[in-house]
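**Q** pasting the sequence and the predicted model now:
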Amino acid sequence: MSQNLISLSLTDADYAEIDAALAVLERHFKSLIDLSIAERRSLTKMGDKSEAFCRQALRVLDQNRQVLPPTLDLAEAQRDLAQLDALSSRAVRLDVLQGKVDDSIIALGSDIMSAALEGYALLRVVGEGSGLEHLRQDMSARFSRRSTTPKEAVAKA
């Protein structure tokens, strides 16, 4: 019995709607940024433990505006916090959806690989004398265990 982890039957119309929805997301999220690894490493980060501190600090600063220097843009920090809250809740939903997409891709690939291996095993059994031997031999390249020696690997590089 062949493996069948998932039977996905999205239509071309479904994929067209998905593509349109993705285009809407891309349009609305065009102002999101893409940090380099070096930029990520150099930034001061607000982790879970720091979030309560940051929220409290902004509240206290808002209640005591007289102590703020002109260089501290509290309104911008408050807008950033509101956007963080709004974006974070959507990020959770997107992460869940991305996880399902990833798992479905893995399951589809596994189903395909399982069917292909089962079919290949059948070809090995019935292939001789049926004119399919050449095709089976072509497919057997997937299972070749030819290893390269260190000298061959260096020569290829």
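**A** Here it is on my side, so go on.
**Q** chain neighbours aside, what residue packs nearest to V126?
**A** Leaving aside its sequence neighbours, V126 sits nearest to L132 (Cβ to Cβ, 6 or more residues apart in numbering; 7.4 Å). All C-beta atoms are positioned from the backbone trio N, CA, C, and that covers glycine.
**Q** find the centremost residue of the chain, please.
**A** In the chain, the centroid-proximal residue (Cα atoms, centre = their mean) is Q98; its distance is 5.9 Å.
**Q** so which strand or helix has that one?
**A** Assigned by DSSP states H and E, Q98 belongs to helix 74-126.
**Q** quick check: next helix or strand after that helix?
**A** Downstream of helix 74-126, the first helix or strand assigned by DSSP H and E is helix 133-139.
**Q** helices and strands around that next one, which ones?
**A** helix 74-126 (3 or more Cβ pairs under 8 Å, 6 or more residues apart in numbering; DSSP states H and E).
**Q** I'd like the average pLDDT over the helix it packs on.
**A** For helix 74-126, mean pLDDT rounds to 94.
**Q** with stretch 13-30 instead?
**A** Stretch 13-30 carries an average pLDDT of 98.
**Q** from the chain's centre, how far out does the helix holding Q98 sit?
**A** Distance of helix 74-126 from the chain centroid (Cα atoms, centre = their mean, to the nearest Å) equals 6 Å.
**Q** do the same with stretch 5-14
**A** Relative to the chain's own centre, stretch 5-14 is displaced by 19 Å; criterion: Cα atoms, centre = their mean.
**Q** so how far is the first residue of it from its last?
**A** Using Cα to Cα, to the nearest Å, one end of stretch 5-14 lies 21 Å from the other.
**Q** sorry, back to before: pull the number of nearby residues for the residue nearest to V126.
**A** For L132, the count of nearby residues is 15 (other Cβ atoms under 10 Å).
**Q** equivalent analysis for L58, please.
**A** Neighbours of L58 under the rule other Cβ under 10 Å: 15.
**Q** swap in I106?
**A** By other Cβ under 10 Å, 12 other residues sit near I106.
**Q** all good on my end, thank you.
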